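*Asks:* Build me a structure from this.
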Amino acid sequence: MTFGNLYDAIGVAPSEEQRVEEVWEQIFSLQEKEWVDFSSLENGSGGEIWITSKGAKVAKGIVKKPAVMPKPAPLPDVYTSYETGLRWLLQYLGPGHSRYSEALVYEQRLSENIARSRLHGDTETRRAERSEIISRLDELALLAVGKSFSELRDPTTPSPPQPLNVPVTAPSPLQALDVPATVAIPAGPSWVGSPLDDPEAHDNEKPCHEVELRGYRIGRYPITNAQYARFLADNPDHPVPHADEERARPYNWDSHARTYPEGKADHPVVLVSWHDAETYCRWLSQVTGQHYRLPTEEEWEKAARGGSPETRRYPWGNEWNPGYCNVQELGRNCTTSVHEFEQTNKSPFGVVDMAGNVWEWTASWYEPYPGSPHEGLHNDQFHRVVRGGSWHSDPQSVRISCRGRYEPDAQRPYLGFRIALDAGSESVDTTSRQKTIEQLEQADTSAQMLHSASQREESVEAIDRVALRQNLITH
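*Replies:* Predicted coordinates:
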């Protein structure tokens, strides 16, 4: 193989004037990427090397190794192309574009991810988060400017002659939507509660009993601040998460700008009441055409434990493992990204973050189980059940069967939620989402749509009650 062929494989143009040392600068960079191995060659000697890509041999060449190895050429920052893509996307859109604010949210999330990766090193969790953000950016870029985010990351992409600045006349609710990912939970039996002789169990979670549930879907993660921000953008009169108490200060949103605390885009939203969670579900149902709701506590417990005969105490198994989730003993004393413990805090169905981080609202009233030994517990229709424990909890409180309760208007810095929907419903794909956008944009104004939604509120609540009754347990 000639030097010209080797140049082609390396990706530089062949030239008679180029010296052997210049070729080796390129090869040295390839070695840093584990694409070549020239350790068998002695300085000043010639030999054959293979150039590989992802473990597969793609080219070889006979080269002469310099007597003195040159200093390797510095590798480019792998994150630079992401910043290039963000810069081009914002420039293509312009501040007047109806998708510009959404792009700014993704810019903040991706910039924070890159900053953490540069400072502390890349991790599987950060790569997964970055992949999810880039997937959203690809979808946004294709719909808004007709180019994928990958195209915009290419430094040869020409800059736009001027921003598109599509006027914000009557934006669709879907234009700032981030549909939560969901996991299918099959129909069938599941164990709920704790055995009567369990020394760690509270009386309100006894006895252990088997229930039969219909199939449903549940959010893979708790709803995040970034997702809740899209709901608030469509509902400017709905109050932002905020509480006048010292411990709530790190989680309070800016009431004027209606923005979440810096650096917490992928943290679960907190300081939300049960009513806030219900309103979010109704909004998501309206803009997607699917019936989103809060899970019942039986649905929540099955998603965390698995179907019968599974009786595990924690989402990962029966034994407590320090460091597997965000609880008080971890020492964070705050919420964490919903992706941080994705590899350890995962249920048999693949539902993430169901132990610790935040307690999660359910649709269920706080009532005794059949045969409960809990004296004084009755159907008060006053408290809603919360599940999962939080960053403020001990290991006993993050057991799958542990039940908490709060009044529906409670707002706490460790209380959030995840969504559920009936079996057969899927998160909308790009095609159906765009179709829905086009249909909604034919409406006169967003205000009319919101007015229509307000008129239907009572009927939606009635549908919720029917769906919950149909999905409740059969003893």
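*Asks:* Wait, a helix at residue 329?
*Replies:* Yes. According to DSSP: H, G, I helix; E, B strand; the rest coil, residue 329 belongs to a helix.
*Asks:* So it versus residue 343, what's the distance?
*Replies:* 19 Å (C-beta to C-beta, to the nearest Å). Quick note: C-beta positions are derived from backbone N, CA and C, even for glycine.
*Asks:* Low-confidence stretches in the stretch 101-250 of the chain?
*Replies:* 155-177 (pLDDT under 70).
*Asks:* Please, where are all the helices along it?
*Replies:* Shown for the stretch 101-250 of the chain, the helices assigned by DSSP state H, counting those that start in this stretch span residues 124-145, 149-153, 225-234.
*Asks:* mind listing what's buried in the longest one?
*Replies:* The reference is to helix 124-145. Using 16 or more other C-beta atoms under 10 Å as the test for burial, helix 124-145 gives 125-126, 129-130, 132-134, 136-141, 144-145.
*Asks:* Tell me, how many residues neighbour residue 89?
*Replies:* 23 (other C-beta atoms under 10 Å).
*Asks:* quick revisit: kindly present the helices of the stretch 101-250 of the chain as TSV, with separate columns for distance to residue 365.
*Replies:* Shown next, in TSV, are these (distance: least, C-beta to C-beta, whole Å):
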stretch	distance to residue 365
helix 124-145	35
helix 149-153	45
helix 225-234	24
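*Asks:* Would you check that my belief about residue 181 contacting residue 218 is correct?
*Replies:* No. When contacts are counted by C-beta atoms under 8 Å, residue 181 is not listed as touching residue 218 (10.3 Å).
*Asks:* Distance check, residue 148 against residue 154.
*Replies:* The value you get for residue 148 to residue 154, if C-beta to C-beta is used, is 10 Å.
*Asks:* picking up where we left off before, for residue 353, state which of the buried residues of helix 124-145 is nearest.
*Replies:* residue 125 (12.0 Å; C-beta to C-beta).
*Asks:* can you pull the contacts of that closest one?
*Replies:* By C-beta atoms under 8 Å, 6 or more residues apart in numbering, the contact set of residue 125 is 337, 339-340, 342-343.
*Asks:* Tell me the spacing between it and residue 388.
*Replies:* According to C-beta to C-beta, residue 125 stands 20 Å off from residue 388.
*Asks:* what does residue 117 give?
*Replies:* For residue 117 relative to residue 388 (C-beta to C-beta), the value is 29 Å.
*Asks:* Look at those two and report which has more neighbours.
*Replies:* residue 388 (28 against 17).
*Asks:* quick one, what contacts the more buried one?
*Replies:* Residue 388 touches 300, 304, 354-360, 398, counting by C-beta under 8 Å, 6+ apart.
*Asks:* Apply 10 Å and report the result again.
*Replies:* 222, 300-301, 304, 315, 325, 353-360, 362, 397-400, 402, 404, 416, 418 (C-beta atoms under 10 Å, 6 or more residues apart in numbering).
*Asks:* Angles on the backbone of the closest residue to it other than its chain neighbours, please.
*Replies:* Closest residue to residue 388 apart from its sequence neighbours, by C-beta to C-beta, 6 or more residues apart in numbering: residue 360 at 4.9 Å. Torsion angles at residue 360 (phi, psi; degrees, to the nearest 10) stand at phi -120, psi 130.
*Asks:* next one: residue 395
*Replies:* Note on residue 395: its backbone torsions stand at phi -60, psi -30 [degrees, to the nearest 10].
*Asks:* gap between it and residue 302?
*Replies:* In terms of C-beta to C-beta, residue 395 sits 21 Å off from residue 302.
*Asks:* between the two, who's got more neighbours?
*Replies:* Ranked by neighbour count (other C-beta under 10 Å), residue 395 and residue 302 place residue 302 first, with 29 against 20.
*Asks:* Is that one in a helix, a strand, or coil?
*Replies:* Classification of residue 302 by three-state DSSP places it in helix.
*Asks:* if I pick it, what's in contact with it?
*Replies:* Counting by C-beta under 10 Å, 6+ apart, residue 302 has contacts 185-186, 188-192, 211, 213, 216, 218, 295-296, 308, 310, 347, 349, 351, 400.
*Asks:* related to what we said a few turns ago, so which of the helices of the stretch 101-250 of the chain is nearest residue 381?
*Replies:* helix 225-234 (27.1 Å).
*Asks:* helices or strands next to that closest one in the packing?
*Replies:* Here helix 225-234 touches helix 100-120, helix 274-288, helix 446-455, going by 3 or more C-beta pairs under 10 Å, 6 or more residues apart in numbering; DSSP states H and E.
*Asks:* Quick check: neighbours shared by residue 148 and residue 154?
*Replies:* Joint contacts of residue 148 and residue 154 (C-beta under 10 Å, 6+ apart) are residue 85.
*Asks:* Looking at the two, which has the bigger crowd around it?
*Replies:* residue 148 (16 against 13).
*Asks:* and the nearest residue to residue 314 once chain neighbours are set aside, what is it in contact with?
*Replies:* Residue nearest to residue 314 in three dimensions, not counting chain neighbours: residue 355, with 5.7 Å by C-beta to C-beta, 6+ apart. Residue 355 is in contact with 304, 313-316, 320, 324-327, 341, 344-347, 387-390, 393, 395, 397-400, 402, counting by C-beta under 10 Å, 6+ apart.
*Asks:* try 7 Å
*Replies:* Neighbouring residues of residue 355 by C-beta atoms under 7 Å, 6 or more residues apart in numbering: 314-315, 325, 345, 388-389, 398.
*Asks:* Just send those residues back as CSV, with secondary structure too.
*Replies:* CSV is the format used below for the contacts of residue 355 (three-state DSSP):
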residue, secondary structure
314, strand
315, coil
325, coil
345, coil
388, coil
389, coil
398, helix
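*Asks:* so where's the stretch 301-450 of the chain uncertain?
*Replies:* 375-380, 424-450.
*Asks:* And the helices in it, which stretches?
*Replies:* 430-441, 446-455.
*Asks:* What is the neighbour count of the nearest residue to residue 304 once chain neighbours are set aside?
*Replies:* Sequence neighbours aside, residue 354 is the residue nearest to residue 304 in space, at 4.2 Å (criterion: C-beta to C-beta, 6+ apart). Residue 354 has 29 neighbouring residues, counting by other C-beta under 10 Å.
*Asks:* where do the strands sit along the chain?
*Replies:* If you assign secondary structure with DSSP state E, the strands in the chain sit at 46-53, 56-64, 182-185, 188-192, 209-213, 216-219, 292-293, 359-365, 384-387, 403-406, 415-416, 420-422.
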